[in-house]
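Undergrad: quick one: sequence and predicted model below, then my questions.
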Amino acid sequence: MTEFELIETYFRRGAHGPSVVLGNGDDAAVFRTDPGFETVISVDALIAGQHVPSICSPQGFAARLLGRGLSDLAAMAAEPQYVLLSLSLPVLQTNWIEQFAEKFHQLAVQWGLDLIGGDTAKGPLAAQVTVIGRVQSGRAISRVGAQPGDQLWLFGSDLGGARAYLEVLNGSCDGNLVWAERYWRPQPLVSQGLALSGRANALIDISDGLCQDLLHILRQSDGPLSVDLDSGVVPLAPGLIESFGETRAMEMALTGGDDYCLLAAVPEGTDVPPDGVCLGHLHLADTSRITIDGLPLPPEWSLGWDHSR
């Protein structure tokens with residue numbers, strides 16, 4: 001099977017939406033932009049052996065790839081519209097490709113994405129998605145803009161499960177179905193992001209660890225901010241405490257990353273989506289810092305994922 005046959009067989013699925021002038025199969029895609037809206041674009045990569053095990057299921061690879069990209073749109077309060085896919089494969093295994101493509105298309109339909117183009121190549125297993133969405137002009141939420149007195153809200157099911165699953169992969173503990181689900185099938189919180197439009201002063205998704213991503217919000221405000229996290233309301237993934245103890249479980253939840261929950265700075269008294277928890281309040285400080293129950297973060301903690309490693 002040639003590259004063009006592969007694309008025709010697995011990645012061209014029916015007609016595109018009415019806003020697509022020219023979809024996949026040409027040198028580039030063309031789509032119409034909507035008056036009164038701004039375009040939001042993000043690119044994300046998934047590399048086997050770096051972000052996922054070298055040998056992984058095609059369904060898990062597709063779900064993790066697309067979930068990561070969509071979470072970036074959710075963090076900007078953007079409505080998903082289009083996706084571009086670049087896929088590198090060491091060998092052409094039609095069974096793997098078929099299962100990957102089926103899951104990818106299923107999730108694209110679920111999240112309202114139109115696959116309008118991409119590329120395939122021979123090489124180490126890796127993929128990149130460029131996700132494109134829209135937001136009403138002036139309504140995108142960035143990580144900049146948090147104010148003193150804002151409440152810090154967390155949206156999402158729980159924290160730490162994806163990090164705990166790494167311990168399963170390296171054989172240091174028994175498996176857990178919830179941890180596997182959090183790792184392989186991140187659920188982008190698109191509806192929550194849209195609901196926070198016009199309400200949150202700052203918004204970010206937790207991809208690199210709550211503490212590390214929170215520091216971006218604290219440091220990119222008009223003045224340095226601090227926050228004291230309430231450990232009693234941090235939603236821990238099932239089984240964390242039983243497997244690792246309270247201290248290690250909290251470290252995984254606050255620094256592990258790959259959770260793809262949303263963290264929002266919201267003015268006090270603002271109505272927020274119903275499935276969030278308030279972790280604390282933001283205060284002016286001489287330097288940006290995070291404490292837990294009034295105490296500094298343990299010095300041995302690594303605050304999150306470092307992409308240079």
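TA: Great, that's in hand.
Undergrad: can you pull the poorly scored residue ranges out of this structure?
TA: Where the chain drops to pLDDT under 70, the residues are 1-3, 13-14, 305-309.
Undergrad: show me the domain layout of it.
TA: If you go by automatic domain parsing, the domain ranges for the chain are 3-136, 151-296.
Undergrad: in a markdown table, list those along with mean neighbour count.
TA: For glycine as for every other residue, the C-beta is placed from the backbone atoms N, C-alpha and C. A markdown table is the format used below for the domains of the chain (neighbours: other Cβ atoms under 10 Å):
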| stretch | mean neighbour count |
| --- | --- |
| domain 3-136 | 18 |
| domain 151-296 | 19 |
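Undergrad: so for Gly304, which of these sits nearest?
TA: Gly304 lies closest, by Cβ to Cβ, to one member of those: domain 151-296, at 2.5 Å.
Undergrad: end-to-end on the closest one?
TA: Criterion Cα to Cα, to the nearest Å; first-to-last residue distance in domain 151-296 is 20 Å.
Undergrad: distance from the chain centre to that domain, please.
TA: Using Cα atoms, centre = their mean, to the nearest Å, the distance from the centre of domain 151-296 to the centre of the chain it belongs to is 12 Å.
Undergrad: tell me the helices and strands packed up against the strand or helix carrying Cys211.
TA: Assigned by DSSP states H and E, Cys211 falls within helix 210-219. Judged by 3 or more Cβ pairs under 8 Å, 6 or more residues apart in numbering; DSSP states H and E, helix 210-219 is in contact with strand 202-205, strand 225-229, helix 246-255, strand 262-266, strand 289-292.
Undergrad: what does the first one contact?
TA: Translated: strand 202-205. Residues outside strand 202-205 that contact it (Cβ atoms under 8 Å, 6 or more residues apart in numbering) are 71-72, 74-77, 141-146, 150, 188-189, 193, 196, 213-214, 216-217, 220-221, 260-265.
Undergrad: pull up the pairing partners for that strand, direction included.
TA: strand 262-266 (antiparallel) (DSSP bridges).
Undergrad: got a list of what Val83 touches?
TA: Going by Cβ under 8 Å, 6+ apart, Val83 touches 66, 69, 108, 113-116, 129-132.
Undergrad: do that again at 7 Å, thanks
TA: Residues in contact with Val83 (Cβ atoms under 7 Å, 6 or more residues apart in numbering) are 108, 113, 115, 129-131.
Undergrad: Ser137: which of the residues you listed is nearest?
TA: Val131 (19.6 Å).
Undergrad: now for the helix or strand where that closest one lies, which elements pack on it?
TA: Using DSSP H and E, Val131 maps to strand 126-136. Applying 3 or more Cβ pairs under 7 Å, 6 or more residues apart in numbering; DSSP states H and E, one finds that strand 126-136 contacts strand 37-47, helix 58-74, strand 79-89.
Undergrad: quick one: which of those is nearest Ala253?
TA: For Ala253, the closest of the helices and strands packed on strand 126-136 is helix 58-74, at 17.5 Å, according to Cβ to Cβ.
Undergrad: quick one: list the elements packing against that closest one.
TA: Checked by 3+ Cβ pairs under 7 Å, 6+ apart, helix 58-74 has strand 37-47, helix 94-110, strand 126-136, helix 177-184, helix 190-195, strand 202-205 packed alongside it.
Undergrad: next, format those as CSV and append distance to Val168.
TA: Output for the helices and strands packed on helix 58-74, formatted as CSV (distance: least, Cβ to Cβ, whole Å):
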stretch, distance to Val168
strand 37-47, 19
helix 94-110, 21
strand 126-136, 23
helix 177-184, 6
helix 190-195, 28
strand 202-205, 23
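Undergrad: to Leu6, which of those lies closest?
TA: helix 94-110 (6.8 Å).
Undergrad: can you list contacts of the closest one?
TA: For helix 94-110, contacts defined as Cβ under 7 Å, 6+ apart pick out 1, 6, 10-11, 13, 58-59, 61-63, 66, 83, 115.
Undergrad: and after it, which helix or strand comes next?
TA: strand 114-122.
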